[in-house]
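Undergrad: dropping a prediction and its sequence here:
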Amino acid sequence: LAVGYLQQQELPTALKILRRIARDERSRRSPGLLTRVYRTMGITLLVSGEPAVSLDSYRAALSAARKAGAVEDEAAAHAVFAENYRYLGRPRETWKHLHEALALTPKIRAVSRLNGVALEMAEACTAAGELGAARYFRDESVRITREAGESVLLSHALLLRARTLHRLGDREGARRDLDEAARIIEQIPDEKQRQRNAADFFIAESEIDASRSPADAIRALTLALDFYTGRENHLFLSRLYLARARAELALGEEAQVEEDLRKGIEEYEIQRQRVPEEPFQISFFDQSDSLFDEMVRLQANQPGGEEVAFDFAERDRARSLLDRLGPLNQRQRSAVLHRSSEPLSAREIRQRLPAGVALIEYALLEDRLLAWVVRRGGLSMTQIPVQSSSLEALVKRLPIELARSSFSASARLYDLLIRPVLPRIAQGDQVVFVPDGVLHAVPFAALLDLSTRRHLFQHYVVAVAPSATFYVEALARDCALQSDQTPTVLAVGNPAFNPKFAPTLLSLPDSEVEAAQLANLFPGSETLTGSRATLEAFLSAASRHEIVHFGGHALVNWDFPLLSHLLLAPEDQDDSGLLYAHELYKTRLGNVRLAVLAACRTASGPIQGEGVQSLARAFLAAGVPGGVASLWDVEDAVSSNFFQEFYQHLRQGDSAPAALRQAQLTLLRDADPSASSPVDWAAFEFVGASCALTHTRKE
């Protein structure tokens, strides 16, 4: 019954039943039953978005399996442990449990269990770039399923091996596996199963034939498209249209290329509306990136195509975050009449940008960088010839050089990203950057003009936004919430986190002092420190204040960014105290106008199709118009001094980006080299949009 509820996504009911069984004294007499109960409980907790908590259930499952001497159940427990640790971004533990599962395989008789271990090993090896090892486990999967006469599993194993062989350059071997898989699929008696395996075949064949002959790839892709059309599988359709467009481009069929790209984008957007918001379905939106890149490139090369190319760039990066922002409250809705989950056009954005704002949006293609400068009066586009790999190398060097007070990469990035568009920026402008790809990791304010020996933020107020559409919508929303009252702050400092989830992290006493100082600076504020700074207390108090300040630890999950989290204090021994990004995506922080995340790497994360998947972005998705976050690790003491300066200027009436600039200027001019180091003041950036917090502004 619990498994049935799990499959129907009625997770609380499934957990309730499983816990009832686990507590029943009669269950203690059946370790095999307990193994399955705890394993299912762990899976349910994982699907519920509690990967750290689910580990306890897996430990109980493993213990019960060992007690029962159930080797196959023990191997299965190790397999789910490995999967769980992959979600948590902990490869050492992943490989440890895979090794344990491998050690038990001589005692496993169930074909599905043996094959599952082989497939999981192959996936882990592929992810680690070890294709030779991946091939070994693909071979094992084919051998196991062939000897067992499991035709459905065998056809799947052959297709997976064909892809690995193709990546290794063995095209003949890949073709043989494809041909054998095709013969097996034709003989599968169950129609639905046959169709699923046939779909896998078409996609694998098109991937392999694309490198041999564009014409052959088009043939296979057309067959795949014929198969999927009308079957409501829009995700596969969008991928197939993209692959066929690329093959057509190789043959110079530009008209057909544009038609297939448009169809692919349409299919992607249909599927985007239908993908359920499950915590671990975080890769779907990344699938569209290449579709839009190809369309942006195509339109940018057309005479007069600047605005059309910009509109497609916005469609690529704007929709997901707007969807997740959810409905506005009544006050916001009445003030922001144009609020929509639809990305705005270049014309609409120009009309809604305030005077004095220059918005620079980038699109990073393989061999060039497109830069649009959008102002209230117009739009212009510049094409900058540069390889994306060269830009990536510069961005990776940048923080290392800043730590040494070296500016070679900073100056080169200024020449590539800023100098070509500088003639279109006026002195005194606020410059809002909408990055793309690796540019999300650039501290734009710190870029150095060698001709003047001045950083960009010494001339301009600098901000970053996930999209142009988000910026104008968030700015309107924030200005609508502006009042004559001094804002209040929820100041969280040095939460007493559970060391089990972060054994190497230390206490942050300076953050506790900082929280008290903030409360004194903004009357009516609230502090949560030490053991009082629980997740429940934080979420309960946040919406009562205009500013949320978090001074604590944050951990980025680079493999599964929705599992990045803030470390808060646990309520009790069964509570993790972890606030996951995916929980923020489902939260509404109604009155919060500014989130200050004074923790390490809160502006960092893996870069996917719609931007950097950071904790700062999660707060934007919770309805916060803007926030201050860090691109890399920062010292607690330096951070504390920096934010004292920031809040002083905020209290005097500056907007958040302007207050951040003033804090950076103060540190830059500090006589103490340890305080003026660019690696410290350049780490923080403002993301989103901000008016002054009150109508009272300083002259």
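TA: Perfect, I can see it now.
Undergrad: contacts and neighbour counts: CA atoms only from here.
TA: Will do.
Undergrad: low pLDDT regions in the stretch 251-400 of the chain?
TA: Residues of the stretch 251-400 of the chain meeting the criterion pLDDT under 70: 271-289, 318-341.
Undergrad: all strands for it, in order.
TA: Along the stretch 251-400 of the chain, counting by DSSP state E, counting those that start in this stretch, strands occupy 357-364, 368-375, 378-385.
Undergrad: just the ones you listed: most buried one?
TA: Of all the strands of the stretch 251-400 of the chain, strand 357-364 carries the top mean neighbour count, a mean of 24, counting by mean count of other CA atoms under 10 Å.
Undergrad: please state the offset of it from the chain centre?
TA: On the basis of CA atoms, centre = their mean, to the nearest Å, strand 357-364 sits 21 Å off its chain's mean C-alpha point.
Undergrad: just want the angle from it to strand 378-385.
TA: Put simply, strand 357-364 runs at 30 degrees to strand 378-385, going by axes from the mean of the first three to the mean of the last three CA atoms, to 10 degrees.
Undergrad: ok, strand 357-364: who's next to it in the sheet?
TA: Next to strand 357-364 in the sheet, as set by DSSP bridges, lie strand 368-375 (antiparallel), strand 430-434 (parallel).
Undergrad: middle-most residue in the protein, spatially?
TA: Gln613 (2.8 Å; CA atoms, centre = their mean).
Undergrad: go ahead and confirm that one touches Phe619.
TA: No. Using CA atoms under 8 Å, Gln613 makes no contact with Phe619, being 11.1 Å away.
Undergrad: if we can go back for a sec, name all residues that make contact with the residue nearest to the centre of the chain.
TA: 561-562, 604-607 (CA atoms under 8 Å, 6 or more residues apart in numbering).
Undergrad: same question, Phe538
TA: Applying CA under 8 Å, 6+ apart to Phe538 gives the contacts 492, 528.
Undergrad: what's the first-to-last distance across stretch 550-563?
TA: 18 Å (CA to CA, to the nearest Å).
Undergrad: now do that stretch: everything it contacts.
TA: Counting by CA under 8 Å, 6+ apart, residues outside stretch 550-563 touching it are 49, 86-89, 279-280, 282, 491-495, 505, 508, 511-512, 515, 564-568, 580-582, 595-602, 604-606, 613-615.
Undergrad: which secondary structure element of this protein has the lowest mean pLDDT?
TA: The least trusted helix or strand in the chain, going by mean pLDDT, DSSP states H and E, turns out to be helix 330-335, with a mean of 36.
Undergrad: tell me the phi and psi of Arg454?
TA: phi -130, psi 140 (degrees, to the nearest 10).
Undergrad: which strand residues bridge Thr529?
TA: Here Thr529, judged by DSSP bridges, has bridge partners Gly493.
Undergrad: how about the one 5 residues further on?
TA: Under the criterion DSSP bridges, Thr534 forms beta bridges with Ala569.
Undergrad: how about the contacts made by it?
TA: By CA under 8 Å, 6+ apart, the residues touching Thr534 are 495, 568-571, 577.
Undergrad: and the furthest pair within the residues you listed?
TA: Spatial extent of the contacts of Thr534 (CA to CA) is set by the pair Pro495 and Glu571 at 11.6 Å.
Undergrad: among those two, which residue is more densely surrounded?
TA: Neighbour tally, Pro495 and Glu571, criterion other CA atoms under 10 Å: the higher count belongs to Pro495, 29 against 16.
Undergrad: which non-adjacent residue is nearest the more buried one?
TA: Gly530 (4.4 Å; CA to CA, 6 or more residues apart in numbering).
Undergrad: distance of that neighbour relative to Ser511?
TA: Taking CA to CA, one finds Gly530 at 10 Å from Ser511.
Undergrad: again with Ala118
TA: From Ala118 to Ser511 the distance is 48 Å (CA to CA).
Undergrad: show me the contacts of stretch 550-563 that map onto strands.
TA: 491-495, 565-567, 580, 595-597 (DSSP state E).
Undergrad: on that earlier part again, quick check: neighbours shared by Gly530 and Ser511?
TA: Common neighbours of Gly530 and Ser511 are listed as 493-494 (criterion: CA under 8 Å, 6+ apart).
Undergrad: for the stretch 1-150 of the chain, which residues score under the pLDDT cut-off?
TA: For the stretch 1-150 of the chain, the stretches flagged by pLDDT under 70 are 7-9, 49, 86-89.
Undergrad: now the helices for the stretch 51-200 of the chain?
TA: Remark: helices assigned in the stretch 51-200 of the chain by DSSP state H, counting those that start in this stretch are 51-68, 71-87, 91-104, 111-127, 131-148, 151-167, 171-186, 191-210.
Undergrad: cool, the stretch 301-450 of the chain as well?
TA: Under DSSP H, counting those that start in this stretch, the stretch 301-450 of the chain gives helices at 306-324, 330-335, 346-352, 388-403, 408-413.
Undergrad: picking that back up, right, and the helices of the stretch 51-200 of the chain - which one's nearest Ile270?
TA: When the helices of the stretch 51-200 of the chain are compared by CA to CA, helix 191-210 sits nearest Ile270, at 19.6 Å.
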